[in-house]
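Enquirer: only the shape, not the letters, is given here:
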């Protein structure tokens, strides 16, 4: 059974067609080898979790690796320092139980399990800080901590306290044992994000994670990346496509956004063949088949487009800025310190224009999706207004 294109969950090189990740993993490992604390902050479905998973496998020969996720953590886990720490112990304990973390004494594994149940004295951040020092002192290799899905945690003061504790230990690491490297992953940049910690109106910018090194690894796909993936696919599928031209066509519409690239390829491989105009794979992997795949993509409801609509509703100023670019032709200077622009870049909706001076929509797929969304909203509002003005209304008192 041959591999397939994947747009849901983790990608595995032996199961899925993927771009070559070696350069990205090498560059990320360089940061770990230097003992850096950093953030992999990229837009939704940009390959963050897959990157962490592959990186963890690569690091295990040289490091003790704890790769955990805050996905699914609710308000109760953040309600107090004790509840947060018990959950953190539980996540570490799962690594002991199910992922065979090596290089840690069994006594520490047992202590972690007891702490996750609240059975040992000194709970809270102080106890967790002591346990981390103990863990890193007794490990037979440097210890690396990876935490995926940290976005929602930024709204909770207990998470800030946790980051503050890690920062304090990082600054004193020549005296006290601590994690050799820490990697956080999510959409938001914890280092610079607007952190809500009190109520709906009060915010702060001063994240304790200002110790983080810059993560400059380019995670979007180049034409060369896409060509390599398609060449691997062509060996199995024998479509007769012109690999380089198809790669250029896919990049032209997606600008290398990982989900969009893989989704178009999946549609071409699984959904287009068998249609009247495209009876087989050879007919599908053509320019005409590609344009049909783009139509299918634009018409479907998927997690990326769903998230786009949600983000636009949550951040009306960002929606207004995108509208002004598409419909009013306004040239908005690119300034990352502008909160609206910063959000658009983090969400993957906005990039620097070709001249590097203004903002632009990130790719042609997003342009069309946003254009259709705004048009449909305006038409609906116009139709509702016309229906209301034509109707007879009666007011009964």
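Expert: Structure received. Nothing here was measured: the structure is a model prediction, and the numbers come from that model.

Enquirer: quick one: low-confidence residue ranges for the stretch 1-150 of the chain.
Expert: Applying pLDDT under 70 to the predicted model, the stretch 1-150 of the chain contains no residue that meets it.

Enquirer: let's see it at 80
Expert: Within the stretch 1-150 of the chain, the stretches with pLDDT under 80 are 1, 99-100, 122.

Enquirer: all helices for it, in order.
Expert: 22-33, 48-59, 75-78, 81-98, 106-116, 124-138 (DSSP state H, counting those that start in this stretch).

Enquirer: let me know which of these is the nearest to residue 152.
Expert: Distances from residue 152 to each of these were compared by C-beta to C-beta, and the smallest falls on helix 75-78, at 8.8 Å. All C-beta atoms are positioned from the backbone trio N, CA, C, and that covers glycine.

Enquirer: spatially central residue for the protein, please.
Expert: By C-alpha atoms, centre = their mean, the chain has its centre lying nearest to residue 44, at 4.3 Å.

Enquirer: with adjacent residues omitted, what lies nearest to that one?
Expert: In space, not counting the residues next to it along the chain, residue 44 is nearest to residue 307; the distance is 5.0 Å by C-beta to C-beta, 6 or more residues apart in numbering.

Enquirer: wait, residue 179 sits on residue 166?
Expert: Yes: using C-beta atoms under 8 Å, residue 179 is in contact with residue 166, at 7.2 Å.

Enquirer: turn the helices of the stretch 1-150 of the chain into CSV, columns for distance to residue 317.
Expert: Rendered in CSV, the data for these read as follows (distance: least, C-beta to C-beta, whole Å):
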stretch, distance to residue 317
helix 22-33, 33
helix 48-59, 26
helix 75-78, 27
helix 81-98, 32
helix 106-116, 42
helix 124-138, 36
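
Enquirer: how far away is residue 117 from residue 79?
Expert: 17 Å (C-beta to C-beta, to the nearest Å).

Enquirer: likewise residue 358?
Expert: Distance of residue 358 to residue 79, given as C-beta to C-beta: 45 Å.

Enquirer: just the helices in the stretch 251-397 of the chain please.
Expert: Listed in chain order, the helices of the stretch 251-397 of the chain (DSSP H, counting those that start in this stretch) span residues 258-266, 281-284, 287-299, 303-314, 316-328, 339-347, 364-390.

Enquirer: tell me which of those is the most buried.
Expert: Comparing those by mean neighbour count (mean count of other C-beta atoms under 10 Å), helix 258-266 ranks first with a mean of 24.

Enquirer: picking that back up, next, format the helices of the stretch 1-150 of the chain as TSV and append mean neighbour count and distance to residue 257.
Expert: As requested, those are arranged in TSV below (neighbours: other C-beta atoms under 10 Å; distance: least, C-beta to C-beta, whole Å):
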stretch	mean neighbour count	distance to residue 257
helix 22-33	16	15
helix 48-59	20	13
helix 75-78	15	32
helix 81-98	18	30
helix 106-116	16	39
helix 124-138	17	37
